[in-house]
Every structure is written in structure tokens, then in C-alpha cells.
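In: Fold the stuff below for me.
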Amino acid sequence: YRYRERGGKTRLPEPSSGPHLPRLSLACCIESLPDIIKMAVTLHTTLGDLKLELFCDLCPVTCKNFLALCASGYYTGTIFHRNIAKFMIQGGDPTGTGKGGKSIYGKYFEDEISSVLKVRQDNELLCIYICDLVRVVDHVFRFKFNVICVCQHNARGTVSMANRGPNTNGSQFFITYGKQKHLNNVNTVFAKVIHGMSTLDAMERVPVGKKDRPVHEIKINKVTIHANPIAEKEEREGEA
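Out: Sure, this is the predicted structure:
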């Protein structure tokens, strides 16, 4: 949002005077972030619970798929079939082979990759640079705000869709054991672990055999959905 003054000088507008930014599926929409906290599910595994915060505002298609599969019991009884220490643990395949699983949309659905490219905080001046597929947004806010790059594989406990290439998402997902920058803009990040890091620690310690398969089964016994805003919204629209 740059504008040119008389004389050709280019400057940035003050945050209060800049054009209104429409509510998009981007992390720069500060007012949408408190809503994201309410969107959560708990995976009750044989090693303990993992509570996940879902980014429904940023990845509505992916989150709708995950929540619908959770609600239908699709993940109940499934195992984590691949476990690589310092990398990730993968599950979501009802066949337990790593070759199965379908989405609610059919075989595959497209990626939803939104990446926080850069964050700079100078006292109270916060600049967030975000790329959402082919759209680039450059906007300035004045907030005292702790910034979290929610759309990247930038922390332990990041939850992302497993795929076989671009736009091949089904039901399988993985949880990272640390930063995995090489997966940014490759896999869709749609959630993060907010409680249960000790469970994730226990998972990482499980020994593995051939093809990184855990020697001792790590199973999802059940899933608790704490809030499903997508289903609630669709229900309200259906009643209207």
C-alpha cells in the first residue's frame, strides 16, 4: 500500500490512514486470530493426549476435511505407521500401510499453503509479509503482539497434511518433532499441538523397525472435537 506524493516521492501511509484490508484467509488478519484459538480437537492416543489447535480461517478446506473425518470416527483405531525421530510422526491411514486414506471430497484435494515470509517488530511497529499462493499482502499494524508464523513448519508440534506431490491431500497427516523448513510451501500446515508435548516426546522415543514403523503400536483410541466452527456455520446457513 504505497502511494506517490507530488514530486515523485514514495512513502508508506500511516497504519490508521491506509486502505482497509478485507478479511482474507491470511495470518495478517489480526482480528481473526482470537477465533482460531477456539478451534480444537484432542487425539486420545495409547501414549496420551494431543490437543490440536486448527487454523480454520487459514485452511478452511483442509480443516473441514480433518474435522469431518474426526467426527465420523474415521481416525478412531488408526495407528501412526511412520515415526522418524527429530523429523515427524505420520498417521491418518485406516489401512495402516501409508498407502491408503481418502478425503471427504474424494481421492485428493488441493493444497492450501499460506506462508508468513517475514516478521519484523520494532517496539510497537509490526510488519507482516505474507504470501498466500499467488497473492502477496504487505500491511502495517501498530500492536504489541507476539507473532507466531502459523503457516510454516517452524516449530515442534506443527501438524501438516502428508501428500504424494502437489494437490494430493487425502486423510494422512503428520506432526513434526522440530523445525522442518524444507517442507514449507510443500505441505499444508493446518494445525499445531497446544497441549500434550510430553505425549509427543513419548512418541518420539518409541523404537522403530523396517520402513520407520513403530515396534510398539501407537494408536488413536478416539478423537474429541472441542469446537467445529465450520460445521456450526454450515448448520446456521442451512437454517437461514
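
In: For the closest residue to Tyr75 other than its chain neighbours, list the residues it contacts.
Out: Leaving aside its sequence neighbours, Tyr75 sits nearest to Ile220 (CB to CB, 6 or more residues apart in numbering; 5.1 Å). C-beta here means a position set from N, CA and C on the backbone, and glycine is covered the same way. With CB atoms under 8 Å, 6 or more residues apart in numbering as the criterion, the residues that contact Ile220 are Leu43, His44, Thr45, Tyr75, Thr76, Gly77, Thr78, Ile79, Phe80, Gly91.

In: Now intersect those residues with the strands, please.
Out: In strands, judged by DSSP state E, the following of these are found: Leu43, His44, Thr45, Gly91.

In: how close does Tyr108 get to Glu234?
Out: Distance of Tyr108 to Glu234, given as CB to CB, to the nearest Å: 22 Å.

In: no, scratch that, I was asking about Leu54
Out: Leu54 sits 16 Å away from Glu234, going by CB to CB.

In: Show me which of the two is the more surrounded one.
Out: Each of Leu54 and Glu234 has its neighbours counted (other CB atoms under 10 Å); Leu54 has more, 28 against 12.

In: Can you list the low-confidence ranges for the chain?
Out: In the predicted model of the chain, residues 1-38, 114-150, 228-231, 239-240 satisfy pLDDT under 70.

In: show me where it has strands.
Out: 3-4, 10-11, 40-45, 48-54, 82-84, 88-91, 114-122, 125-132, 135-142, 158-161, 173-176, 189-195, 220-225.

In: For Pro181, the count of nearby residues, please.
Out: One thing to correct before we go on: residue 181 is Lys, not Pro. Applying other CB under 10 Å, we find 9 other residues in the vicinity of Lys181.

In: for it, what are its contacts?
Out: Lys181 makes contact with Gln152, His153, Asn154 under the criterion CB under 8 Å, 6+ apart.

In: Apply 7 Å and report the result again.
Out: Neighbouring residues of Lys181 by CB atoms under 7 Å, 6 or more residues apart in numbering: His153.

In: Quick check: the gap between it and Asn154.
Out: For Lys181, the distance to Asn154 - CB to CB - is 7 Å.

In: quick one, what contacts the closest residue to Phe87 other than its chain neighbours?
Out: Counting by CB to CB, 6+ apart, the nearest residue to Phe87 once its immediate chain neighbours are dropped is Tyr177, at 5.9 Å. With contacts defined as CB under 7 Å, 6+ apart, Tyr177 is in contact with Ala85, Lys86, Phe87, Met88, Arg156, Glu204.

In: and Leu183, what does it touch?
Out: Neighbours of Leu183 in contact, by CB under 7 Å, 6+ apart: His153, Ser160.
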